[in-house]
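Undergrad: how does the following fold in three dimensions:
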Amino acid sequence: MYHKILIVVTNQNEYSKTGEPTGLWLSELTHFYHRIKEANIEVTIASILGGKVPIDPNSISKNMLDAETEKYYKDDNFMSLLNDSLKLTDVNTKDFDVIYFTGGHGTMWDFPNSKVLQDISYKIYAEGGIISAVCHGVGALLNIKDNDGNFLIKGKNITGYSNKEEVLAKALDKIPFKLEDELKNRGSNYKSALLPFTSYVISDERIITGQNPQSTKEVAKAVLKALN
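TA: Residues are numbered from 1 along each chain as shown. Here you go, the predicted model:
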């Protein structure tokens, strides 16, 4: 069967409270993208506004940049996809059977309250597709509702960036909300790894979530397994 995956990235380039730069956590794109392309599945990268995608400078710092991500970062063809992302309103949901939300703190501003994002996500899901997300990208799921007006993640097993990880990242005073708390407030059954910053992935009824950047490769594997 032919598959196609829509990857959604952030347009937000700063912490609104402090003005510090943020954006996409690059490995949460590259680690997923690499495994999907290895499986010969077509990928489209989109954002809510379209155009240039900001990259969190911390994600490309010397101590964070792994060899795989660095290779993509130095690849002009790949980076051109981030310089000219597709606008989400130009997406035809019928073309995709998976939507994947990358993370980075930037997503906390533009993902949760985008009606376009919510509508596209639910259309893909309602047609039997998969919703997947990692780290702060899980915030995209917060306000998606089903046809009865219920939160889609209500009663679902979900993970995402934990409060403990926000504390360790020294980000609590910068963020607009705590993702873990809001996932619980939507009625989801939030779970996290025993140790912070270790890979942790949950699959529940075509909703696949990963806790942190370290979970991205396993999210990709879970998506491929679900497609097969």
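
Undergrad: list the contacts of the closest residue to Q12 other than its chain neighbours.
TA: Of all residues not flanking Q12 in the chain, G106 sits nearest, at 3.6 Å (C-beta to C-beta, 6 or more residues apart in numbering). Using the backbone N, CA and C atoms, a C-beta is placed for each residue, glycine as well. Contacts were defined as C-beta atoms under 8 Å, 6 or more residues apart in numbering; by that measure G106 touches 10-14, 22-24, 54, 56, 136.

Undergrad: ditto for I207
TA: 125, 130-132, 141, 152-153, 156, 158.

Undergrad: how much space between it and I7?
TA: 16 Å (C-beta to C-beta, to the nearest Å).

Undergrad: next: T22.
TA: 18 Å.

Undergrad: can you show me the helices along this structure?
TA: With DSSP state H as the definition, the chain shows helices at residue ranges 27-38, 67-73, 76-83, 107-110, 115-126, 163-168, 179-185, 216-227.

Undergrad: name the nearest of the contacts of I207 relative to Y73.
TA: When the contacts of I207 are compared for distance to Y73, the smallest value, 22.7 Å, is given by S132; criterion: C-beta to C-beta.

Undergrad: nearest residue to that closest one in space, please, no chain neighbours.
TA: By the measure of C-beta to C-beta, 6+ apart, the closest residue to S132 outside its immediate chain neighbours is I208, 4.1 Å from it.

Undergrad: for that neighbour, give me its contacts.
TA: Listed by C-beta under 8 Å, 6+ apart, the contact set of I208 reads 130-133, 201-202, 219, 222-223, 226.

Undergrad: let me know the closest of the residues you listed to Y100.
TA: Within the set of those, S132 lies nearest Y100; the separation is 4.6 Å, counting by C-beta to C-beta.

Undergrad: for the closest one, which residues make a bridge with it?
TA: The residues paired with S132 through beta bridges, assigned by DSSP bridges, are Y100, I208.

Undergrad: that one reaches T216, doesn't it?
TA: No: under the criterion of C-beta atoms under 8 Å, S132 lies out of contact with T216, with a separation of 10.3 Å.

Undergrad: relative to V116, which of the contacts of I208 is nearest.
TA: Out of the contacts of I208, the member with the shortest distance to V116 (by C-beta to C-beta) is I131, at 15.0 Å.

Undergrad: what number of residues lie near L29?
TA: If you count neighbours by other C-beta atoms under 10 Å, L29 ends up with 29.

Undergrad: what distance do you get for L29 to K217?
TA: Relative to K217, L29 is positioned 12 Å away (C-beta to C-beta).

Undergrad: oops, could you answer that again for L152 instead?
TA: Between L152 and K217 the distance, using C-beta to C-beta, works out to 25 Å.

Undergrad: same question, T93
TA: Noted for T93: a distance of 26 Å to K217, by C-beta to C-beta.

Undergrad: equivalent analysis for Y122, please.
TA: Summarising the geometry, the distance separating Y122 from K217, computed by C-beta to C-beta, is 27 Å.

Undergrad: ok, now I153?
TA: 23 Å.

Undergrad: of the two, who's got more company?
TA: Neighbours of I153 and K217, each counted by other C-beta under 10 Å, are more numerous for I153; the result is 25 against 19.

Undergrad: what does the closest residue in space to the more buried one that isn't next to it in sequence show for phi and psi?
TA: What sits nearest to I153 in space, not counting adjacent residues and going by C-beta to C-beta, 6+ apart, is S188, at 4.2 Å. The phi and psi torsions at S188 (degrees, to the nearest 10) take the values phi -80, psi 160.

Undergrad: surely S188 and I158 touch.
TA: Yes: under the contact definition of C-beta under 8 Å, S188 touches I158, with a separation of 4.2 Å.
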